[in-house]
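Visitor: sequence plus predicted model, see below.
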Amino acid sequence: MRISGLKGRILLWGMVVAILSVVGCGGDGKEDPILRLSADEALAKGQELMEKKKYSQAAEYFSHAFEVAPNSATGREALLLAADSYFLNGGTSNFIKAESKYQDFLNRFPTSDRADYVQFQVARCLREQMLKPDRDQTATRKALVAYETVQQLYPTSDHLEEVRAHIEDIRQNLAEHEYRVGWYNYRRRIYPAAISRLVDLSKDYPDYREMDKVLFVLGMSFKKMKRPEEAAATFDELRSQYPDSPYRNKIPGAKKQT
């Protein structure tokens, strides 16, 4: 049955008022209590939660403190602590959030006396997102650049020893990735691509800890391409540089060591 006339208009208006009331009250009539806090109050509450290792909750309070007073000392501290909270909470999504917060801090406060720490943390966030050598290495390369930035911009940083150790590990990871691509090309009999990849590896990562296997596959690639002189030179380098390598016994025509 259709409702018309004054009665219909009254009913329709009542429905509109009811809908607006629900929307205006946010659905439950409750306001987020964090929004009532000042920057200092939110910072203090966030620090309290952080001490209890409640990092997700702490990050909410720190973020509010920064939003309330972004240009104050309180806001600056809150932004950094929000980043720390995400980092300590762990997990890929939180490392991404932490990196974003740290980058925001560096953009806003590039002359801060904590800048070296913040850049170090950016690198750590990226390092936590690194994939294994057989996967995409985008995050790995970004992490390397971030760590090298700490060295370049903050040569007196207290974090340099750890930075150097991480750079070494990252370079090994990248070298292993290059080797696996070269090995894949060799197995697929794409010998020119294998040679190109492995030659570049030896130039870019001379400190690779498993260079003996690189030389072996490179020598085999030269042999398959019927480039005997280059193959012989590569195998000679393997013999002289790595006398204890198990790959010496795999060289074609090599006598088994006992």
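Guide: Good, I have the coordinates. Values in this document were obtained by computation on a predicted structure and should not be read as measured data. Residues are numbered from 1 along each chain as shown.
Visitor: whichever strand or helix holds residue 212 packs against which elements?
Guide: Assigned by DSSP states H and E, residue 212 belongs to helix 211-224. Packing contacts for helix 211-224, counted by 3 or more C-beta pairs under 8 Å, 6 or more residues apart in numbering; DSSP states H and E, involve helix 160-187, helix 191-204, helix 228-241. Quick note: C-beta positions are derived from backbone N, CA and C, even for glycine.
Visitor: could you check how far the residue nearest to residue 140 when sequence neighbours are not counted is from residue 101?
Guide: Distances taken as C-beta to C-beta, 6 or more residues apart in numbering place residue 130 nearest to residue 140, at 4.7 Å, with adjacent residues excluded. To residue 101, residue 130 is 20 Å away according to C-beta to C-beta, to the nearest Å.
Visitor: tell me which of the two has more neighbours.
Guide: residue 101 (27 against 21; other C-beta atoms under 10 Å).
Visitor: looks like the more buried one contacts residue 78 (just checking).
Guide: No: with contact defined as C-beta atoms under 8 Å, residue 101 does not count as touching residue 78 (10.2 Å).
Visitor: anything in contact with each of these two?
Guide: Between them, residue 101 and residue 78 share no contacting residue under C-beta atoms under 8 Å, 6 or more residues apart in numbering.
Visitor: quick one: stretch 88-104 to chain centroid distance?
Guide: Taking C-alpha atoms, centre = their mean, to the nearest Å, one finds stretch 88-104 lying 9 Å from the centre of the chain it belongs to.
Visitor: neighbours of the closest residue to residue 142 other than its chain neighbours, how many?
Guide: The shortest distance from residue 142 to any non-neighbouring residue, by C-beta to C-beta, 6+ apart, is to residue 126 (4.9 Å). The local packing of residue 126 (other C-beta under 10 Å) involves 23 other residues.
Visitor: quick one: residues contacting residue 126.
Guide: 99, 139, 142-143, 146.
Visitor: how about 10 Å then?
Guide: 95-96, 99, 138-147, 170 (C-beta atoms under 10 Å, 6 or more residues apart in numbering).
Visitor: and the one helix or strand it maps to, average pLDDT?
Guide: For residue 126, the host element (DSSP H and E) is helix 115-128. In this model, helix 115-128 has an average pLDDT of 98.
Visitor: tell me the helix or strand right after it.
Guide: helix 138-153.
Visitor: got the buried residues for that next one?
Guide: For helix 138-153, the buried set under the neighbour-count rule, 16 or more other C-beta atoms under 10 Å, comprises 139-144, 146-147, 149-150.
Visitor: next: stretch 197-213.
Guide: Within stretch 197-213, the residues scored as buried using 16+ other C-beta under 10 Å are 197-198, 201-202, 205, 208, 211-213.
Visitor: so residue 101 touches residue 76, yeah?
Guide: No: look at residue 101 against residue 76 with C-beta atoms under 10 Å: they stay out of range, at 11.9 Å.
Visitor: where do the contact lists of those two overlap?
Guide: With C-beta under 10 Å, 6+ apart as the test, residue 101 and residue 76 both reach residue 66.
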